[in-house]
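[1] Starting from these lines, generate the structure:
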Amino acid sequence: MSRRKVPQRSVRRTAPVVRKQSPPSASTARSIRSASTSKQTSTPRSASPQRKLRAISAKPAAGRFKIGNQRRRIQIVVAFVFVMLIVITTKVIGLQTAGGDAMRAEATNQWTRTRTVVADRGTIFDRDGEELAVSIPAATISINPKLVDNEEATLNMLATMLNLSVEEQQRLYDEMVRKDKGYVYVRRQIDADLGDQIAALKLAGVNVDAEPTRLLPGGDTGRSVIGRTDIDGIGIAGLELQYNDILSGQDGNVTRQVAPGGRSIAGSENGSEGAVPGDDLILTIDRSIQFTCEQALLERVENTRSKAGTCIVMDAQSGELYAMASVKRDTESDEVRITSGNHAAVDAYEPGSVAKVITIAAGLETGVVGPNTVFNVPWRAQYGDDLLRDSHEHPDEDMTVRQILVESSNIGTIKVQEEVQLRRHWDFMRAFGLGEQTALDFPNESAGIFKEWNDLHGSEKYTVSYGQGLASTPIQLISAVNVIANDGLYVAPKLVRGFVGQDGDIRPTAPSATQQVISPNAAEVMQSIMTDVVCSGTATRAQSTSFNVAGKTGTGLKAQTNGGYEDEFGVRSYYASFVGFFPAEDPQITVLISIDEPPAGTLNRYGGTAAAPVFARLVPTIAHEVGIQPTNNGAACAG
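    Now for the predicted structure:
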């Protein structure tokens, strides 16, 4: 069998064949030159073969770094770092200079806490130095929910010690759980000893801070005049409001350091600004007389089933008020209580027959009548469109001016006013203090209601003579009657005797302003007539066994909501009052008693029956406290 030969691949490389090119023809050469010339004209210089070769060789190979590029990058990084250093240095310099204070303050706020120290409120004293209102230490409990680590245990402890209601406990627990506040009140102004007990427990997140509370040492005695403060110790009524700026003082503050988490660092408290206590107030009020007035009113209003009552005791010469009390029946509980509002200054009512004192005094002062001048007085007469009348029916009778006031005749008083004439009578009413606020300037004090003389129309022109158709406050009314007691001299009422500063010195207030309204002679005659009112007229129940007493009763009608004097059932409401002074022959004390809405249809609706007995009860106590000796040993009106 023949063997087939496998052809073998040659491993010898074949040399490339070099082809000889024939030189170009003349036409071809011209074409090449023409193209070359055209290319040189259109191609930039940098695109020459030599420059192009160099440019290509300068490009780095993909994925490789050349030494020259690395230096450039380092230069850029160094330059960036240098710029940043400049910026940071500039910022630091700025913080150390212009912005340093703000940053330091912010840092301080993070590790310090400042607490306000409430200044001690000034004390209110009576005329003898007895405390009427004083601030005492108390404690306020609060929590920081963010720091309370055991809500249930903390709540149970506080609820037990503070006797928290279910509602208070739920509110407190919700605050502890939410932890979205840093300060929540639990109970304010609790007993200071109880606050110390809670502080001793060192409950996490529970704060105990000192906070004074206002106290009346005599209970409610003087509350009507003193007024009250709110929970923050700011006066909101009465003298507490009127003299709040003087009593408040200036608060201070204490700074303490805190650790992370808000806990105080022991011993780190620093008083940065001390509190300046307020000045003290010395009143003209006598606490014993004030208390006696209040108790007498409470008893009288309760026994007569009246709505309210007012008592004012005034020094006849100086105008200083020894007492200014108001009581009122609570409409819900039916309990009669001492009010926190001074109704003796803020409420105005028709004065009723007490205003006859001014009309008769005007007649005596102008000389148009004397005490024995006689008028024929019917029990009723037509004036304007109205038929006016006396309190009771009687035949036409001749009455002296003295009798007119003693028996309190409305028609007789009108006849005296007609002699004085309307305009002059109006001037006397204003001179006696009606129609304008007194010098007390008590918060919300009323000026009363008293129209201009030329605004009075119809029967109004005449009814004002006996106290109907105008309104006055009790403090206006007692100041008016006190003109008679003070020999014709009006003296402004006064409640504050002086102030006590931090140096302990007493700064007395200025004496009350005065003005002569009627002559001493006219006042003396009036004192005599008003003594007869008590001895044999409408005020016999005001008599005292130790002193001669002078005064005048008044039974005013209260306007109803319908604009008249009777409600929809035809029932009238009364305002019964008595204003008197003693001793009648040398007046030193003037007293006003008013009973608001004594029961209509009963004898107690009159000033002589509802109010006069309270006056008689007070005379011995007032005389004892002031130091007035009895002027006679027998009955004041004997003989």
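[2] quick check: domain ranges of the chain?
    138-211, 287-626 (automatic domain parsing).
[3] May I ask which helix or strand encompasses the spatially most central residue of the chain?
    Residue closest to the mean C-alpha point of the chain, counted by C-alpha atoms, centre = their mean, is I236 at 2.8 Å. Following DSSP states H and E, one finds I236 within strand 235-237.
[4] Strand partners (parallel or antiparallel) of that strand?
    When pairs are called by DSSP bridges, strand 235-237 turns out to pair with strand 228-229 (antiparallel).
[5] Next, count neighbours for D280.
    D280: 21 surrounding residues under other C-beta atoms under 10 Å. Bear in mind the C-beta positions are built from the backbone N, C-alpha and C, glycine included.
[6] My error: substitute T221 in the last question.
    Using other C-beta under 10 Å, T221 is surrounded by 25 other residues.
[7] Give me the distance between the residue nearest to the centre of the chain and S340.
    Distance check for I236 against S340: by C-beta to C-beta, to the nearest Å, it reads 10 Å.
[8] shared neighbours of those two, which are they?
    227-228 (C-beta atoms under 8 Å, 6 or more residues apart in numbering).
[9] List the contacts of the strand holding I236.
    Residues from elsewhere that reach strand 235-237 (C-beta under 8 Å, 6+ apart): 227-230, 241-244, 247-248, 340-341, 443.
[10] Quick one: buried ones out of these?
    227-229, 241-244, 247-248, 340-341, 443 (16 or more other C-beta atoms under 10 Å).
[11] ok, the residues you listed vs L162, which is closest?
    T229 (22.3 Å; C-beta to C-beta).
[12] right, and that closest one touches R214 too?
    Yes: between T229 and R214 there is a contact under C-beta atoms under 8 Å: 4.9 Å.
[13] what residues do the two have in common as contacts?
    The contact sets of T229 and R214 overlap at 121, 240 (C-beta under 8 Å, 6+ apart).
[14] Tell me where the stretch 351-500 of the chain has helices.
    356-366, 401-406, 410-420, 422-431, 460-463, 474-485 (DSSP state H, counting those that start in this stretch).
[15] Spatially nearest residue to V354 (excluding sequence neighbours)?
    Spatial nearest neighbour of V354, chain neighbours left out: G554 (3.6 Å); criterion: C-beta to C-beta, 6 or more residues apart in numbering.
[16] in what helix or strand does that neighbour lie?
    Using DSSP H and E, G554 maps to strand 550-557.
[17] Next SSE downstream of that strand?
    Where DSSP H and E defines the elements, the next helix or strand beyond strand 550-557 is strand 574-582.
[18] Can you check what angle separates that next one from helix 474-485?
    Interaxial angle, strand 574-582 versus helix 474-485 (axes from the mean of the first three to the mean of the last three C-alpha atoms, to 10 degrees): 40 degrees.
[19] I'd like the mean pLDDT over strand 574-582, please.
    Per-residue pLDDT values over strand 574-582 give a mean of 97.
[20] for M314, phi and psi?
    With angles defined as degrees, to the nearest 10, M314 sits at phi -130, psi 140.
[21] now it, nearest residue through space, not along the chain?
    Excluding its sequence neighbours, the residue lying closest to M314 (C-beta to C-beta, 6+ apart) is T590, at 4.7 Å.
[22] Helix, strand, or coil at the one you found?
    Under DSSP: H, G, I helix; E, B strand; the rest coil, the three-state class of T590 is strand.
[23] Run the chain-centre distance for the strand holding I236.
    Here strand 235-237 is found 4 Å from its chain centre; the criterion is C-alpha atoms, centre = their mean, to the nearest Å.
[24] for stretch 400-418, same thing?
    46 Å.
[25] tell me the mean pLDDT for it?
    On average, stretch 400-418 scores 98.
[26] Check stretch 325-332 too.
    Mean predicted confidence for stretch 325-332 is 96.
[27] How about stretch 491-499?
    Regarding stretch 491-499, the rounded mean pLDDT is 98.
[28] and if you look at stretch 89-105?
    67.
[29] ok, G122 to V254 distance?
    From G122 across to V254, the span is 22 Å (C-beta to C-beta).
[30] brain fart, G580
    According to C-beta to C-beta, G580 stands 56 Å off from V254.
[31] which residues in the stretch 101-250 of the chain form helices?
    Counting by DSSP H, counting those that start in this stretch, the stretch 101-250 of the chain has helices at residues 151-162, 166-178, 192-200, 223-226, 238-242, 244-248.
[32] other SSEs contacting the first one?
    It stands for helix 151-162. Counting contacts by 3 or more C-beta pairs under 8 Å, 6 or more residues apart in numbering; DSSP states H and E, helix 151-162 packs against strand 138-143, helix 166-178, strand 184-191, helix 192-200.
[33] make it 10 Å
    strand 138-143, helix 166-178, strand 184-191, helix 192-200, strand 206-210 (3 or more C-beta pairs under 10 Å, 6 or more residues apart in numbering; DSSP states H and E).
[34] How about the contacts made by V313?
    By C-beta atoms under 10 Å, 6 or more residues apart in numbering, the contact list for V313 reads 285-286, 289-290, 292-293, 320-325, 478, 589-593, 618, 621-622, 625-626.
[35] How about I411?
    Contact analysis of I411 by C-beta under 10 Å, 6+ apart lists 375-381, 383, 388-390, 394, 396, 399, 404, 462, 466.
[36] No further questions, thank you.
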